[in-house]
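>>> The following block contains a protein sequence and its predicted model.
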Amino acid sequence: DIDDEPRIVDGTVDIGCDEVVPAGLTGALAAAIYAPYPVAVVNAAVPFYADVRGKAALLEWAIATNGGMRVINNAGAVQQAWAAPGVFPVILRAWNNDGMAAATVMVQVVSAVTNYAAHGGAHLAPFMTLTHAATSIVAALEAVPPGGVTVVSNGVYADGTIMLDRDVTLTSLAGRDYTVIDGQGVRRCVFMSHAGAVVQALTIGNGFLNSDNGAGVFAAAGTIDRCALVNNRAYSGSAALLQPGALMTGAYIYGNVATRSSSRAGAVYCDGGGLVIGCAIISNSASASSGDGGGLVFNYGGTAAYCLVAGNRADDGAGAYCYYGGELLNCVITGNWSVAAASSAGGGVYGYYGGELRNCAIMHNRANGNGGGVRHFNGGRLANCTIMANQALGNGGGYYSSGFVLENCVVYYNRAAAYPDYYHASTTFARRHSC
């Protein structure tokens, strides 16, 4: 095997490179702990890694906690969170037939940790003051422990893609109007993959991806809070792609473009989930050939609530495009335009095999084809909505239905070449308490 011991012991072969021979677990041992964060934040788990040299028969971690000692056996890496501030030992022991080796690190647990990034900083790690600030966001984030906050001073930062893969918050010193993460037209700006990650009060712009999604932010998890996402370009979801568990709240999303043929979501793409709350989604576009959803696309799920969706453009579903699901709640959907030729539809919203709108105002939208306000194909539901003053150059200025439910809605003052308020293209349609 790897250490020149007999390959078959006791009539069996162990899996992997090493055949375990208990009598051969002898010789010198050395133990060390790699602790990337000697300062930890209350309730935030930090990692520890074992570095053991020699033939060890047993590893044991002994971690002091707020209420005693936690013991873990035979783990190469562990994580620990503490519920209250203090100084705590983390001990690693290793044994073999000849003896033991041990290592200890002391971890200081504090209520909060904040470090800084600033163009004029002295770049003195761990960057705990503006004077000592890191000169790049990347360096500051690498130094802050899980549960910590990195504050970015005013300026434009082009540090490469910012990776938020831990429980950290990245925020600005003076607000999103003063601090910009710039993709320089060549890369994604921010990638988020941890549920506790937060990007807050920043402008995120000029991201570019030719054949991928989420040029501004790709959020596999985490929270995008009160950011401005502007002038990003991608195949789909140019401003942001949200996956289940990701949240965007209070964002201003303007001037983003899905650039390629058959692209989707000039602004926000909810892929299987994601939640968009209280956002202004304005003047975005997916109007390349066969582009869908200038403002929003819901792909098998996702929710937008209390949002303004205005002035967006696409071939179909200029405001929002619901594909096998998705919902809009308490939203204002206005001034969007499906701009292609007579085949375009759903100036406000297009629903394909699903999609639900509740308590929404859908007004002053336009389609060069059918369904100036709403176009639904094979399913979907509108409840407690007002559909007013929309226009279609084809049929159904208010809505064009191939099968959906309209419940407790008001549809009036819409215009079209034919059937100004509504057009039903199939019998699988239910209209209840609506006028």
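Structure received.

>>> How much space separates the closest residue to Ser238 other than its chain neighbours from Ala286?
Residue nearest to Ser238 in three dimensions, not counting chain neighbours: Asn256, with 4.1 Å by Cβ to Cβ, 6 or more residues apart in numbering. C-beta coordinates here come from the backbone N, C-alpha and C atoms, glycine included. Going from Asn256 to Ala286 by Cβ to Cβ, to the nearest Å gives 9 Å.

>>> what's the answer for Ala83, then?
Here the distance between Ala83 and Ala286 works out to 48 Å (Cβ to Cβ).

>>> cool, Ser153 as well?
Distance of Ser153 to Ala286, computed by Cβ to Cβ: 35 Å.

>>> More neighbours: which of the two?
The residue with the greater number of neighbours, taking Ser153 and Ala286 and applying other Cβ atoms under 10 Å, is Ala286; the counts read 34 against 18.

>>> Tell me what the more buried one is bridged to.
Counting by DSSP bridges, Ala286 forms beta bridges with Ala314.

>>> List the residues that contact it.
When contacts are counted by Cβ atoms under 8 Å, 6 or more residues apart in numbering, Ala286 touches 236, 257-258, 263-266, 292-294, 297, 313-315.

>>> Taking those residues together, which two end up most distant?
With distances taken as Cβ to Cβ, the most widely separated pair in those is Ser236 and Arg313, at 15.2 Å.

>>> For the two, work out which one has more neighbours and name it.
The residue with more neighbours, out of Ser236 and Arg313, is Ser236; 27 against 24, by other Cβ under 10 Å.

>>> Could you measure from that one over to Cys322?
In this structure, Ser236 and Cys322 are 15 Å apart, going by Cβ to Cβ.

>>> list the buried ones in the helix or strand hosting Asp51?
Taking DSSP states H and E as the definition, one finds Asp51 inside strand 46-53. For strand 46-53, the buried set under the neighbour-count rule, 16 or more other Cβ atoms under 10 Å, comprises Val46, Phe48, Ala50, Val52.

>>> Just put these in JSON lines and tack on pLDDT and distance to His119.
Compiled in JSON lines, the buried residues of strand 46-53 are given as follows (pLDDT from 0 to 100; distance: Cβ to Cβ, whole Å):
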{"residue": "Val46", "pLDDT": "94", "distance to His119": "29"}
{"residue": "Phe48", "pLDDT": "97", "distance to His119": "34"}
{"residue": "Ala50", "pLDDT": "97", "distance to His119": "39"}
{"residue": "Val52", "pLDDT": "97", "distance to His119": "43"}
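
>>> And for the helix-or-strand element of the chain with minimal mean pLDDT, what's in contact with it?
Within the chain, judged by mean pLDDT, DSSP states H and E, the helix or strand with the poorest mean is strand 430-432; its value is a mean of 78. Outside of strand 430-432, the residues within contact range by Cβ under 8 Å, 6+ apart are Phe404, Val405, Leu406, Glu407, Asn408.

>>> Show me which residues of that strand are buried.
Using 16+ other Cβ under 10 Å as the burial criterion, the residues of strand 430-432 that qualify are Arg431.

>>> How far off centre is that strand?
Computed by Cα atoms, centre = their mean, to the nearest Å, the separation of strand 430-432 from the middle of its chain amounts to 37 Å.

>>> That strand pairs with which strands, parallel or anti?
Within its sheet, strand 430-432 is paired with strand 405-407 (parallel), according to DSSP bridges.

>>> Which residues belonging to stretch 337-347 are considered buried?
Of the residues in stretch 337-347, those buried under the neighbour-count criterion (16+ other Cβ under 10 Å) are Trp337, Ser338, Val339, Ala340, Ser344, Ala345, Gly346, Gly347.

>>> which residues are common contacts for Asn256 and Ala286?
With Cβ under 8 Å, 6+ apart as the test, Asn256 and Ala286 both reach Gly266.

>>> Now do the same contact list for the most centrally placed residue in the chain.
Within the chain, the residue whose C-alpha comes closest to the C-alpha centroid is Ala219; the distance, by Cα atoms, centre = their mean, is 1.6 Å. Under the criterion of Cβ under 8 Å, 6+ apart, the contact partners of Ala219 comprise Met192, Ala240, Leu241, Leu242, Gln243, Ala246, Met248, Gly274.

>>> Out of the residues you listed, grab the one that's most surrounded.
With neighbours taken as other Cβ under 10 Å, the top of the contacts of Ala219 is Ala240, carrying 35 neighbours.

>>> Tell me who's in contact with that residue.
Shown here is Ala240, whose contacts under the criterion Cβ under 8 Å, 6+ apart are 214, 216-219, 224, 229, 248, 251, 253, 267-269.

>>> ok so, going back, next, format the contacts of strand 430-432 as JSON lines and append pLDDT, neighbour count and distance to Val71.
Conversion of the contacts of strand 430-432 to JSON lines gives the following (pLDDT from 0 to 100; neighbours: other Cβ atoms under 10 Å; distance: Cβ to Cβ, whole Å):
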{"residue": "Phe404", "pLDDT": "82", "neighbour count": "27", "distance to Val71": "59"}
{"residue": "Val405", "pLDDT": "85", "neighbour count": "19", "distance to Val71": "59"}
{"residue": "Leu406", "pLDDT": "89", "neighbour count": "25", "distance to Val71": "63"}
{"residue": "Glu407", "pLDDT": "92", "neighbour count": "16", "distance to Val71": "59"}
{"residue": "Asn408", "pLDDT": "94", "neighbour count": "14", "distance to Val71": "61"}
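
>>> nearest to Val332, of those residues?
For Val332, the nearest member of these is Asn408. The distance, counting by Cβ to Cβ, is 18.0 Å.

>>> And that closest one, how far from Arg431?
When Asn408 is compared with Arg431 (using Cβ to Cβ), they lie 10 Å apart.

>>> and if you look at Arg187?
Between Arg187 and Arg431 the computed distance is 49 Å (Cβ to Cβ).

>>> Could you count how many residues lie near His364?
Neighbours of His364 under the rule other Cβ under 10 Å: 20.

>>> Thought Asn390 was touching it, still the case?
Yes. His364 lies in contact with Asn390 (Cβ atoms under 8 Å); the separation is 6.7 Å.

>>> okay, and for the stretch 201-350 of the chain, where does confidence drop off?
For the stretch 201-350 of the chain, residues meeting the criterion pLDDT under 70 lie at 261-262, 287-289.

>>> Next, the distance between the ends of stretch 326-333.
Counting by Cα to Cα, to the nearest Å, you get 15 Å between the two ends of stretch 326-333.

>>> and Glu142, what are its phi and psi?
Comment: the main-chain dihedrals of Glu142 come out as phi -60, psi -30, following degrees, to the nearest 10.

>>> and stretch 203-219, which residues are buried?
Residues of stretch 203-219 classed as buried under the neighbour-count rule (16+ other Cβ under 10 Å) are 203-209, 213-219.

>>> Return the subset of the residues you listed lying in helices.
Counting by DSSP state H, no part of the buried residues of stretch 203-219 is found in helices.
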